[in-house]
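# sequence-free structure coming up:
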């Protein structure tokens, strides 16, 4: 097999793998508590926060995680679309058998965990900002009379 043919075969294998990841996420989300929690958090993100998620994952994740990010998010998006169009229907069973190697499962799981951590931090940001504003407001009211002489 020449180098060009081997590269094309590897690309097809990668595309097939990413397609299987998308399908797997789409079909097991209703059975997996980790994915359910991630889905619910992801759904609460605003469009701007989803763009922020995309941006952050490009700089935080390694090459494997960045490649897996797209099919995982596509699976969440697909599930969201199904919920919007058909209601909380779920799937009774998968028409396909999803078999991944231990290495592939580890990569998928690590990427899901990373996405979950970033989404959690994005959702905490407004709360933290409000707490900082409140703390600054409390501190500024205490510091209004820094001379200790009070109002005269």
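It's in. No experiment lies behind these values; they were computed from the predicted model shown.
# residues in contact with the residue minimising distance to the centre of the chain?
Against the mean C-alpha coordinate of the chain, by CA atoms, centre = their mean, the closest residue is residue 115 at 3.4 Å. Residues near residue 115 by CB atoms under 8 Å, 6 or more residues apart in numbering: 38, 42, 53, 57, 69, 72, 73. Using the backbone N, CA and C atoms, a C-beta is placed for each residue, glycine as well.
# switch to 7 Å and redo it
Listed by CB atoms under 7 Å, 6 or more residues apart in numbering, the contact set of residue 115 reads 38, 57, 69, 72.
# do residue 64 as well
Shown in contact with residue 64 (CB under 7 Å, 6+ apart): residue 107.
# in which helix or strand does it reside?
Assigned by DSSP states H and E, residue 64 belongs to helix 63-86.
# give me the average confidence score over the helix or strand following that helix.
Under the assignment DSSP H and E, the closest C-terminal helix or strand after helix 63-86 is helix 102-142. Mean per-residue pLDDT for helix 102-142: 83.
# could you measure from the residue nearest to the centre of the chain over to residue 32?
Here residue 115 is placed at a distance of 14 Å from residue 32 (CB to CB, to the nearest Å).
# I'd like to know how many residues surround residue 136.
10 (other CB atoms under 10 Å).
# measure it to residue 125 for me?
16 Å.
# what about the residue nearest to residue 21 when sequence neighbours are not counted, neighbour count?
Once flanking residues are discounted, residue 21 sits nearest to residue 71: 4.2 Å by CB to CB, 6 or more residues apart in numbering. Neighbour count for residue 71, taken as other CB under 10 Å: 22.
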